[in-house]
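[1] Fold the following, please.
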Amino acid sequence: MLHLAGVQRRQLAAAIAAGSVTLFSALALTVLSGWLITRAWEMPPVLALGVAVTAVRALGISRAVFRYLDRLLSHRIALHALTTLRVRLFDAIAADPVGDGRAHLYSRGDGLIRLVADAERVTDLIVRSLVPAGVALVLSSISLLIAGLLHPLAAVILAIGFAFTGLLIPWLAARSHRHTRRVEATDDFLLRLDEVLGHRTEFEAAGLGSTQQAVATRASAQVSAETEAGQRPLALAQAIQSWATGLTAFATLLLVVVVYPGEPTWLGMLVMLPLAAFEAHGQLAQAAIHAQEATYSAKRLTELVGNSPTRTMDSAAESPEPLALTDCRLTATDLRCRFGTPTWGIEVAPGQRVVIRGTSGSGKTTLLQTLGGLVPPTAGKVELGSSELDLVDPARLRATVRVHAEDEWLFSTSIRQNLLVANPDADDQLMWETIEAVGLGDWLRTGADSDPLDRMLADGADSVSSGQRRRLLLARALCSTAPVLLLDEPTEHIADDDASRLFNMLVSEQLPGARAERSIIMVTHASRSSELATGVSVDYHPAPVMPRQ
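    Alright, predicted model coming up:
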């Protein structure tokens with residue numbers, strides 16, 4: 001998964017090298033301090049200690065400098081990898097073809113977990129697992145070499161201690177499945193929380209507000225319980241780490257007292273060596289735990305990304321042309337969707353306008369997502385022209401059939417940039433045409449000191465009212481060059497008179513925007529402009545007759 005994030009081996013090697021120099025400075029500082037203490041005990045001339053004193057100061061400074069470089073390099077790699085991985089994930093979700101087993105990842109909660117939590121766990125592997133493990137390997141090798149030069153038995157004792165702290169403890173920590181359960185509990189809590197926050201109005205209206213809040217509260221309590229349980233193996237690992245360090249140092253001390261034949265000054269170095277050498281192993285238990293969590297997240301991200309090609313900036317700009325309107329007959333045969341009970345049979349001729357009415361929960365939104373290729377059907381099939389939807393090139397499908405959801409995002413940028421999302425080539429005249437058509441012209445010009453299209457939505461959708469938001473989203477849809485538009489509640493939250501005007505424009509008039517002739521499928525819960533539907537119905541409206549040029 002890290003190669004998908006653009007992580008290169010030489011970058012990891014540089015971060016490990018900086019971390020190794022940092023801890024080697026600490027190791028050399030400790031060992032040299034032991035030599036300096038025992039040498040000073042012999043009361044030599046002060047000048048004989050000058051080089052050692054200067055070296056101690058230099059090592060203390062170099063430790064801080066290389067610690068900064070270590071953190072700078074490792075975090076730079078991790079943050080760059082996180083950015084690259086999120087772009088790849090976003091592209092994979094956007095280009096997800098129907099029927100490949102990954103198209104179910106359409107909910108906001110699922111996307112939040114994968115784009116935020118899972119991506120962070122995978123890229124944090126660099127800082128929390130790979131770099132500490134690499135540094136520990138380098139420092140252990142250097143420590144064993146130094147110990148072997150001082151006394152072979154000291155190297156054997158140190159190797160036994162390293163086997164406990166560098167191999168056994170991480171293995172024991174990784175064996176605990178508590179950490180995977182904590183990740184699962186955290187993800188479940190994020191899903192529940194997103195449901196409560198994103199649909200609180202609907203839950204309250206249905207009398208389910210307290211019930212859903214209780215579900216989210218239980219999920220939060222489960223996260224706390226799993227986190228607390230997961231600390232036990234980590235605490236045990238830290239205890240074993242401390243005991244192994246102490247016992248190794250004590251065994252080395254016994255060795256030097258009983259059998260060490262060298263000078264007393266080297267004795268101090270040998271005693272101090274184990275105390276500093278084990279510093280590199282202090283993070284290995286946590287590194288093993290994080291590696292386990294990252295592996296769990298990487299498996300889910302691999303399922304999402306699959307074999308989708310890496311998109312470059314150049315290829316992103318080369319969007320395929322949509323199909324011609326005459327080739328855009330959309331047909332649903334014996335179609336059943338993931339939510340809702342109806343079996344749909346729909347045929348939309350090129351340029352035809354279709355209105356689907358139904359009560360909340362009848363599956364209208366899921367039907368749109370299925371017709372647009374965002375969700376696979378559970379039964380039946382959808383055809384575009386003469387091809388089934390899952391056989392159409394995904395990029396061509398996205399250019400031809402556009403789904404504009406009820407909760408479509410408004411970005412914290414200008415009106416212009418929000419409209420360009422649907423059509424990057426749209427000019428000001430086209431954007432003004434759609435803005436006037438949806439009834440936002442006067443509002444946009446009010447108080448404008450410069451170009452009204454540059455008016456900023458500092459807080460995104462929170463910068464406008466619900467009705468203005470619906471109008472902006474409809475203007476964005478009309479800017480699109482797609483010959484087939486699937487609109488979810490386009491007149492919701494708009495006053496009845498204006499809602500009726502917009503409704504009539506969409507079903508029976510020449511359309512403003514990038515295409516005067518389009519096929520439109522619109523879903524609504526209203527039987528007329530303001531009356532609620534009591535069942536499910538599909539109303540077909542013929543394609544409007546276009547005036548001759």
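[2] use CA for all of it now, contacts and neighbours both
    OK.
[3] Any idea what Leu486 is bridged to?
    Here Leu486 sits in beta bridges with Val403, Ile521, going by DSSP bridges.
[4] Can you report the mean pLDDT over the residues of the host helix or strand of Ile435?
    Using DSSP states H and E, the element containing Ile435 is helix 428-437. On average, the pLDDT along helix 428-437 is 94.
[5] Tell me the gap between it and the middle of its chain.
    The chain centre lies 35 Å from the centre of helix 428-437; the measure is C-alpha atoms, centre = their mean, to the nearest Å.
[6] per-domain residue ranges of this protein.
    9-312, 325-541 (automatic domain parsing).
[7] mind checking how far the longest helix anywhere in the chain is from the chain centre?
    Criterion DSSP state H: the longest helix present in the chain is helix 209-258. Distance of helix 209-258 from the chain centroid (C-alpha atoms, centre = their mean) equals 27 Å.
[8] Do a quick rundown of the helices in the stretch 301-450 of the chain.
    Using DSSP state H, counting those that start in this stretch, the helices of the stretch 301-450 of the chain run over 313-317, 364-371, 394-400, 415-420, 428-437, 441-445.
[9] what's the spacing between Ser143 and Ala426?
    According to C-alpha to C-alpha, to the nearest Å, Ser143 and Ala426 sit 65 Å apart.
[10] And these two? Which one has more around it.
    Ser143 (23 against 18; other C-alpha atoms under 10 Å).
[11] A strand includes that one, no?
    No - counting by DSSP: H, G, I helix; E, B strand; the rest coil, Ser143 is not part of a strand but helix.
[12] So the residue lying closest to it once chain neighbours are set aside: helix, strand or coil?
    In this structure, Ser143 finds its nearest non-sequential neighbour in Ala277, 6.2 Å apart by C-alpha to C-alpha, 6 or more residues apart in numbering. Classification of Ala277 using three-state DSSP returns helix.
[13] got the contact list for Ala277?
    27, 139-140, 143 (C-alpha atoms under 8 Å, 6 or more residues apart in numbering).
[14] And it, how close does it get to Gln238?
    From Ala277 over to Gln238 (counting by C-alpha to C-alpha), the distance is 16 Å.
[15] wait, isn't His75 in contact with Val127?
    Yes - between His75 and Val127 a contact is recorded at 6.7 Å, counting by C-alpha atoms under 8 Å.
[16] who has more neighbours, the two?
    Between His75 and Val127, counted using other C-alpha under 10 Å, the more crowded position is Val127 (22 against 17).
[17] Poorly predicted segments of this protein, please.
    1, 94-107, 176-179, 260-264, 306-319, 340-341, 448-449, 526-536, 545-549 (pLDDT under 70).
[18] residues touching the residue nearest the centre of the chain, list them.
    Taking C-alpha atoms, centre = their mean, the centroid of the chain lies closest to Leu115, which sits 1.4 Å from it. Taking C-alpha under 8 Å, 6+ apart, we find Leu115 in contact with 86, 89-90.
[19] Go through the helices of the stretch 301-450 of the chain and name the closest to Asp497.
    Among the helices of the stretch 301-450 of the chain, the nearest to Asp497 by C-alpha to C-alpha is helix 428-437 (14.1 Å).
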